[in-house]
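Novice: Following is a predicted model, sequence given first.
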Amino acid sequence: MATQISTIQMRRGTSAQWTAANPILSAGEWGFETDTKKLKIGDGTTTWAALAYAFGGVGISGTPTAGQVLTATSPSAANWQSAKAQDISPTDYGFTAWAFDPTGLGGLSIAPTLGSLFLFRMDIRVATTASKVVVALLSNGSALANCFAGIYSSAGALLAGSADISATLAGAATNSDVILNLSGTASLASGSFVWAALLENGTTATNLIVSRGNALVGSSQLTGATARFGTFGSGLTALPASITPASITKWNSTMPWAGII
């Protein structure tokens, strides 16, 4: 018996054509907008104009620029709740964003370089705010002084910073996440990314819990200006008002975890 190959085509037209016709799609019938790449699925009673788009109304088109975060247009809470069902989201656990799912953490740690900013990139899916940085601490440092946390924009501007957090780091419970309060609130734009920043000074730095993977894996297409993890500066005793993203050194070892709230 010869193999038969069939082509299935759904009803289609431009957004304007659908709006002008305003049909009622049969239950389960698909209607595709060829210009917006959006889809509606009929219920047998609702007109096209009143019918909601399927899959949150996400249409894929265009070419993203380097470092750009792809987002849905005008996402509703229901749309994002549907997306969250497919994967673990920071908001499921009360976080605004994080560097990665903390279940990937192992039993190892790294010590940040004293006097250098350690940067953790976090992609922002919806417009929101943050006023805390959270790090995973394996052990406390010693004689800490001039330690700070902050959030920097992808352009390098300091959006919010903390007062000296040396006492917080020195007295925090170990093998847990430590909340570092910022002095202000950072406004975070949808479709952007930010870096959470940690600066430590003292005799011995803290030890931050790291993942089992390497920061270079999957980061070959990123530069210092879009780095997932990186370091900036030396001899710093306070958060700079701005940093130069192109001067960030990509981190090439196991990845420490951080989040923002």
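Specialist: Alright, I've got the coordinates. Numbers count the residues shown, from 1 in each chain.
Novice: which regions of the stretch 101-250 of the chain sit below the pLDDT cut-off?
Specialist: Within the stretch 101-250 of the chain, the stretches with pLDDT under 70 are 215-216.
Novice: ok, and the closest non-adjacent residue to residue 134?
Specialist: Leaving out its chain neighbours, the residue that sits closest to residue 134 by Cβ to Cβ, 6 or more residues apart in numbering is residue 259, at 4.4 Å. (C-beta placed from N, C-alpha, C; glycine too.)
Novice: What's the local residue count around the one you found?
Specialist: The local packing of residue 259 (other Cβ atoms under 10 Å) involves 25 other residues.
Novice: Bridging across strands, which residues link to it?
Specialist: Residue 259 has the following beta-bridge partners by DSSP bridges: residue 98, residue 134.
Novice: Roughly how far does it sit from residue 114?
Specialist: 23 Å (Cβ to Cβ, to the nearest Å).
Novice: again with residue 96
Specialist: From residue 96 to residue 114 the distance is 28 Å (Cβ to Cβ).
Novice: Neighbour count for those two, which is higher?
Specialist: A direct count of neighbours by other Cβ under 10 Å for residue 96 and residue 114 places residue 96 higher, at 23 against 19.
Novice: give me phi/psi at residue 169?
Specialist: phi -70, psi -40 (degrees, to the nearest 10).
Novice: Residue 231 against residue 114, yeah?
Specialist: No. Counting by Cβ atoms under 8 Å, residue 231 stays clear of residue 114, with 11.3 Å between them.
Novice: now stretch 223-241: how far from the chain's centre is it?
Specialist: Its chain's C-alpha centre and that of stretch 223-241 lie 18 Å apart, by Cα atoms, centre = their mean, to the nearest Å.
Novice: contacting residues around that stretch?
Specialist: 66-67, 99, 113, 115-121, 146, 148, 150, 154, 157-158, 161-162, 193, 195, 197, 199, 201, 215, 219, 222, 243-251, 255-256 (Cβ atoms under 8 Å, 6 or more residues apart in numbering).
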